[in-house]
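# here is the input, now give the coordinates:
(2 chains)
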Amino acid sequence: MQKNQYLKSNEIYIITIIVAGCSLLYELMLAQTLSTIMGNTIIRYNVTIGLYIAALGLGSITYPLFIKQHSTKNLAIIELLLSFFGGLGPLAILGFDFFARNYISSIYLESINVFNHFYIILIGFLSGIELPFLMRLAKQSQGFSTGKVLFLDYIGSFIAAILFPLFLMPYYNLFGIAASIALFNTIIAFYLILKSKSYKISLLMVIQFIAYLLIIINSEKLSNYFIQELYL
Amino acid sequence: MKMHKYSFRVIIFILAFCSIIYELILANTLAIITDNYIFWHSITIGIYILGLGFGSIRSEKLTPSLNSLINIELSLSILGLISASYLYILYGLFNVNDFLQYVYNGFYTTAYINAAKSSLIVFAIMAETLTFFIGYYSGFEIPLGTELDAQKNSSANENIILSINYIGTLVGTLIFSFYLSSKLDVLYTSYIIAGINFLIVLYLFWHVKKIDKTILTKLVILLSLVIIIPPNKEWIEQFYLKTTYSTDSYLSNKQMSLGQLFSNMKNIPPIKRIKTKYQYIDIYKSKVLKQTKKATILTLNTHFQFSTHNEKFYHEAMSHLPINLLGTTPKKVLILGGGDGLLLRELLKYPQADITHIELDKGMVDLCKDTPWIAKLNKGALDNNRVKRIIGDGFYYLRNTDEKYDLIFIDFPYPDNYNLVKLYTYEFYTYVRRALAPSGAVILDAPIINKDNHLKPEFLYKPVLSRSFDSEDFLFNTILYNTFIKSGFKFIFPYKVKQEAFIILAEKDRELTFNFETFDHAKMPALTAQDLFAIQEQEFPYAIDPAMANSLFKPTFLQALSY
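Just a heads-up that it's a prediction; the model follows:
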């Protein structure tokens, strides 16, 4: 673990809250999108939460198999992947549903079940890596409290749980919300990559940032277009 | 007898299973008793997570031992046992308090409204405090379990307990969603899960050497509660139901004392509660204002569905009135919702009509078929062979159908949770429009509000505030209108009969006949000439704003729902 990759305690705390909140928000948005495609909101939400939590477990326990170093650069890559897949989640679900309905309609139900639940597991898996990763980073830097990191992870989730249904969902369209959260997440990834001084990947992040920004600015128009073409 | 080295892994799995189900019980119970799913579900999961956080950080101060785990799990068993019962009783007490406020402050005065608002906040705090503590104690489980497991397994990875906890949570949510919430009443579920939790405690007791005073105290409390609560499940449920629905108490002697209120409540016959896969159906008798006979009322998830004293004018206003206004003869008709069969009864009066009826809840249809007084009320409409009945989701039927209908009637419950808000989206109404024949029309029962919005109590089943049209009503109308416009309906005609509002929708502009003399009055005896004339001069203010249209992907309707 290189010395120049140490994060200060405050940085870890803030990053923990934000990434925990973003992760839960991706999951809530997936649950919402799935209920539009597959119906039965209550079951959709409960299954999504349950599967997401299980995937969190899977991610947290198996990631040491393929991530050898607990570096800020690796965390940045995880965040980049999360913001990419999470931000495009609603669109991906809708897009695949359109594709399955029109091109592989004989196996429509099976294919959307596989795709949709795989997507939840993917987001959950990536999110599951965050918490133990951050806890290790906390341990490696001046050995401060991992319990506090766990606590802040919960706080971030709490904020997301209240924010989404009461302040976001009734006022903004889902595609715009996903892009906004992913934008925020991309900024975090960018900050981490700057800290790790590994600048090649930062170009990808800038591209992603601009792409999401464009989506947010045109979200109402894009939303109408996507719903008209892919859903209706 | 020594504990198996993997015991704690199994225990943590079961405890995680129980914990998440407690949270789901609380969220679902609060959602149903207050009739607002999204708000309470979100707040509850948030507070639960907050509790988890505080518990997990507090756990660092605890010495990991069998005794500490027993202590935690005893607390959880107690809280879990009382969870749903506590909410029912708490809500019942708030209903009683509501009545007392009415007596002391006068019904719907400013003082009463302010007291009602602060009561709601107090209720929310008291209810969510329970959620917080269930989360709090659950938050100890992962850290404690990890330490205890590590004491038995030197090569333990701290993530193993974390993952087992996650998987237990997943299994818990799946079993609750697919089995418990549809088959079992929440009260029974809470007793069973607390029981499982307690079995774990007993297992741990077997292996502990010394029991401290705190554990003994909690054990005594738990056993006392087991004797008091589950045997009185009926009483708890009836207390909640009677205080929620007891309009008799409001309407009789205003100067009633608390003692008289309780004895009155005892004398009310038990309120019948039926649980179907999708909802709770309650049936009770009530003396409606200015009526001499008692009306029978049926509610869905505590939301009013119909009352015997006024359902006739409602269903006539929804069926024969628009048919006469449109000047059509019903040929191919689709009914969505209306599992009580009352709208069906009216539409069966047209012998040439080919009727398809879609209802989601088979339990509702069976109840209304098999209960004698309801079958008498709907005149056996649900048993009529002329009707093609489909049990299923109206949304997906319309999305996938190629059929075209001349008339589509939509008789859905008021949208107080997201599943129902879905049925008021522009996506849904686009499907409705596509299922219309060229000069077809849609008639729906909608919460649209007219300018002259003075609610008159004698038409309703309980007293309500008489008030004027305000900005909230304007928001409501705006959302509805823009949703219909975005779905492609050019003709939107709302009308109000007595206190019920309906809307006629058509793809192209229509001419309606207001020549009331030519109407088939024999089919609508409950409607007076006054009712018919009134619909010509009603005004429903709204603003044009496409962004306000209610969508699956942006449910603006949730902005207008109250808590």
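# quick check, the helix or strand hosting A:Leu137 touching chain B?
Using DSSP states H and E, A:Leu137 falls within helix A:108-140. Yes - using Cβ under 8 Å from any Cβ of the partner chain, helix A:108-140 comes into contact with chain B via A:Pro132. Placement of C-beta: from N, CA and C, glycine included.
# who touches the helix or strand following that helix?
With elements assigned by DSSP H and E, the helix or strand that comes after helix A:108-140 is helix A:146-163. Under the contact criterion Cβ atoms under 8 Å, 6 or more residues apart in numbering or on different chains, helix A:146-163 has outside partners A:12-13, A:16-25, A:28, A:130-131, A:134-135, A:138-139, B:42-43, B:45-47, B:49-50, B:52-54, B:56-57, B:59-60, B:139, B:143.
# what about B:Glu472, how many residues nearby?
12 (other Cβ atoms under 10 Å in any protein chain shown).
# quick check: mean pLDDT of the helix holding A:Leu137?
Here helix A:108-140 scores 90 as its mean pLDDT.
# and the contacts of helix A:146-163, which are buried?
A:12-13, A:16-25, A:28, A:130-131, A:134-135, A:138, B:42-43, B:45-47, B:49-50, B:52-54, B:56-57, B:59, B:139, B:143 (16 or more other Cβ atoms under 10 Å in any protein chain shown).
# where does the nearest residue to B:Ile196 once chain neighbours are set aside sit, in terms of helix or strand?
Among residues not flanking B:Ile196 along the chain, B:Cys18 sits closest, at 5.8 Å (Cβ to Cβ, 6 or more residues apart in numbering or on different chains). Element membership for B:Cys18 (DSSP H and E) is helix B:7-34.
# can you name the next helix or strand after that helix?
helix B:37-58.
# summarise which helices and strands the next helix-or-strand element following that following helix is packed against.
Using DSSP H and E, the next helix or strand after helix B:37-58 towards the C-terminus is helix B:66-105. With contacts taken as 3 or more Cβ pairs under 8 Å, 6 or more residues apart in numbering or on different chains; DSSP states H and E, helix B:66-105 sits against helix B:7-34, helix B:110-138, helix B:141-152, helix B:186-206, helix B:213-228, helix B:233-245, helix B:247-251, helix B:258-267.
# CA-only coordinates of stretch B:502-519, as CSV, when you get a sec.
The C-alpha trace of stretch B:502-519 is given here as CSV (Å, rounded to 0.1, in the frame of the first residue of the first chain):
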residue,chain,number,x,y,z
PHE,B,502,-66.7,11.0,-12.6
ILE,B,503,-65.0,11.7,-15.9
ILE,B,504,-65.9,10.8,-19.5
LEU,B,505,-62.9,10.5,-21.8
ALA,B,506,-62.8,10.2,-25.6
GLU,B,507,-60.1,10.4,-28.1
LYS,B,508,-61.9,12.9,-30.3
ASP,B,509,-64.2,15.7,-29.4
ARG,B,510,-67.8,14.7,-28.7
GLU,B,511,-71.2,16.3,-28.5
LEU,B,512,-73.1,15.3,-25.3
THR,B,513,-76.9,15.4,-25.1
PHE,B,514,-78.2,17.4,-22.2
ASN,B,515,-81.8,16.8,-23.3
PHE,B,516,-82.8,15.2,-20.1
GLU,B,517,-86.4,14.5,-21.2
THR,B,518,-85.1,12.0,-23.6
PHE,B,519,-83.2,10.1,-20.9
